[in-house]
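Undergrad: sequence below, structure please.
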Amino acid sequence: MKKLFYGWLVFLPVVTAVFAGCSFAEVKDEAEAEGSVVLMTWNVHNLFDGEDNGSEYSEYTKSSGWSEEKYLGRLNSITAAFNSIEPVPDIILLQEIESLKVFEALSLSLPNGYSWSHFANNPDAALGLGILSRLPLTDAKVHSITTGGDTTPRPVLETRIETNEGSFVIFACHWKSKLGGDDITENVRRASARVILRRIRELWKNEGELGIIVAGDLNENHDEFFRQGSEAVCALLPDDPYCALITGFSQEDTGDAAALQKDFIVISKNKPPSPVNFPNDAVVLYSPWVSELENGSYYYKHNWETIDHFLVSNQFFGKTGLKYDRTNIVNNQYFTNSGGIPVAYNERTGSGLSDHLPLLLVLKTGM
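TA: Predicted coordinates for the structure are as follows:
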């Protein structure tokens with residue numbers, strides 16, 4: 001495997017694909033027949049198989065009572081929950097999957113013909129992430145990120161989606177959690193933002209009209225900067241004048257944004273997400289949390305959090321090609337209790353599903 005070194009970043013092009021017996025054109029036409037492309041992101045919460053592999057969490061070992069029977073029960077519950085989702089997602093991004101073996105088993109249990117897939121994890125890591133798609137996936141890359149001697153627990157998975165309206169790129173993510181402290185872990189999340197920003201700029205240098213979507217469990221609220229007292233730069237920053245000020249930008253700045261915007265993604269409520277308080281060449285992505293969605297996708301210590309994301313580039317708000325339509329939170333009875341709260345899976349009792357709710361993003365075609 002060839003490693004490409006960019007300073008302290010290591011890019012590992014690793015692709016694991018599962019192909020079914022469908023032609024490229026047939027699958028595209030079927031998935032887009034209703035005039036939309038639907039994306040879903042969901043942290044399924046610790047999906048481990050029934051075997052002891054040495055890297056799983058202690059509660060998911062045979063000595064702790066975990067078993068093949070419990071694993072298969074989880075697969076059945078997750079499949080039933082998937083079958084309740086409307087509209088049916090064409091592209092599914094999943095986090096907290098133990099291995100390629102588990103990912104393939106889940107893929108085979110789902111209807112609707114997910115003929116393309118990629119899975120990625122770090123060596124000896126407990127959990128990874130993956131993409132299932134009814135549309136062709138091409139040019140997949142896995143970015144493993146190290147900063148200050150710390151490697152992110154999961155890599156960033158990049159792939160291109162091919163549609164009848166053209167292609168776009170997804171960055172599937174599961175960023176570092178806050179376990180260990182906000183200040184310490186924020187640097188690792190900013191390292192993940194750094195590699196995504198670098199790749200976005202590389203892609204736009206040659207394909208300025210290429211749409212970009214950053215998605216997954218980023219372990220960071222859309223308003224994290226304000227929740228943390230407006231004192232430190234976060235990996236996600238609102239397009240706010242004070243945020244611009246503390247990062248060294250000014251509204252009159254006409255310089256090269258890449259020199260200052262190295263490791264934070266600016267998010268906006270505007271459609272398209274054109275910069276307001278940052279320079280025109282800053283990378284600014286639209287966040288549905290800022291204006292469309294209420295509550296959150298994750299419930300922690302009696303408070304909603306907005307740590308699951310779809311961040312959408314301005315190319316999806318033009319007059320041609322794929323166009324952004326809406327984002328929804330999936331909160332039906334399979335995913336929540338009677339109070340509308342997600343219930344984490346309990347490995348001892350087999351109750352619950354996940355402590356995260358899925359998000360659906362709808363792109364319209366042929367408009």
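Undergrad: where does this protein dip in pLDDT?
TA: 1-34, 250-255, 366-367 (pLDDT under 70).
Undergrad: centroid residue for it?
TA: What sits nearest the mean C-alpha location of the chain, by C-alpha atoms, centre = their mean, is residue 216, with 1.8 Å.
Undergrad: just list whatever residues bridge to it.
TA: residue 173, residue 309 (DSSP bridges).
Undergrad: ok, it - contacts?
TA: Neighbouring residues of residue 216 by C-beta atoms under 8 Å, 6 or more residues apart in numbering: 41, 43, 93, 95, 129, 171, 172, 173, 174, 175, 308, 309. C-beta coordinates here come from the backbone N, C-alpha and C atoms, glycine included.
Undergrad: list the contacts of the last one.
TA: Looking back up the chat, that one is residue 309. Applying C-beta under 8 Å, 6+ apart, we find residue 309 in contact with 41, 214, 215, 216, 217, 218, 222, 236, 287, 289, 359.
Undergrad: neighbours of the fifth one, how many?
TA: For residue 217, the count of nearby residues is 25 (other C-beta atoms under 10 Å).
Undergrad: need the contact list for it.
TA: Shown in contact with residue 217 (C-beta under 8 Å, 6+ apart): 41, 43, 95, 173, 174, 175, 307, 308, 309, 356.
Undergrad: mind redoing it with 10 Å?
TA: Taking C-beta atoms under 10 Å, 6 or more residues apart in numbering, we find residue 217 in contact with 41-43, 93-96, 129, 154, 172-175, 177, 297-298, 307-309, 356.
Undergrad: ok, of those residues, which come out buried?
TA: Taking 16 or more other C-beta atoms under 10 Å as the criterion, what is buried in those is 41-43, 93-96, 129, 154, 172-175, 297-298, 307-309, 356.
Undergrad: please identify the buried residues of stretch 160-171?
TA: For stretch 160-171, using 16+ other C-beta under 10 Å, the buried residues are 160, 161, 162, 163, 165, 167, 168, 169, 170, 171.
Undergrad: how far away from the center of its chain is that stretch?
TA: 16 Å (C-alpha atoms, centre = their mean, to the nearest Å).
Undergrad: mind checking the longest helix of the chain?
TA: Counting residues, the longest helix found in the chain (DSSP state H) is helix 182-206.
Undergrad: tell me which residues in that helix are buried?
TA: Here helix 182-206 shows 185-186, 188-200, 203-204 as buried, counting by 16+ other C-beta under 10 Å.
Undergrad: one more: stretch 234-245?
TA: If you call a residue buried by 16+ other C-beta under 10 Å, then stretch 234-245 has these buried ones: 234, 235, 236, 237, 238, 239, 240, 243, 244.
Undergrad: from those residues, pick the one nearest residue 80.
TA: For those, the closest approach to residue 80 (C-beta to C-beta) belongs to residue 236, at 33.2 Å.
Undergrad: tell me the contacts of the closest residue to that closest one other than its chain neighbours?
TA: In space, and not counting its chain neighbours, residue 236 is closest to residue 220: 5.2 Å by C-beta to C-beta, 6 or more residues apart in numbering. Contacts here follow C-beta under 10 Å, 6+ apart; on that basis residue 220 touches 175-178, 182, 185-186, 189-190, 192-193, 227-228, 234-236, 265, 305-307, 309.
Undergrad: kindly report the same for residue 222.
TA: Residue 222 is in contact with 234, 236-238, 267, 269, 287-290, 293, 296, 305-307, 309, 311, counting by C-beta under 10 Å, 6+ apart.
Undergrad: so which of those sit within helices?
TA: Among those, the ones falling in helices (DSSP H) are 288, 289, 290.
Undergrad: can you put these in CSV and add distance to residue 282?
TA: CSV is the format used below for the ones in helices among the contacts of residue 222 (distance: C-beta to C-beta, whole Å):
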residue, distance to residue 282
288, 20
289, 19
290, 16
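Undergrad: looking at those residues, which has the most residues close by?
TA: residue 289 leads those on contacts (other C-beta under 10 Å) with 24 neighbours.
Undergrad: three-state assignment of the closest residue to that residue other than its chain neighbours?
TA: In space, and not counting its chain neighbours, residue 289 is closest to residue 222: 4.0 Å by C-beta to C-beta, 6+ apart. At residue 222, secondary structure determined by DSSP: H, G, I helix; E, B strand; the rest coil is coil.
Undergrad: can you pull out the strands in the stretch 1-150 of the chain?
TA: Counting by DSSP state E, counting those that start in this stretch, the stretch 1-150 of the chain has strands at residues 4-6, 9-12, 36-47, 91-97, 116-120, 128-133, 137-147, 150-151.
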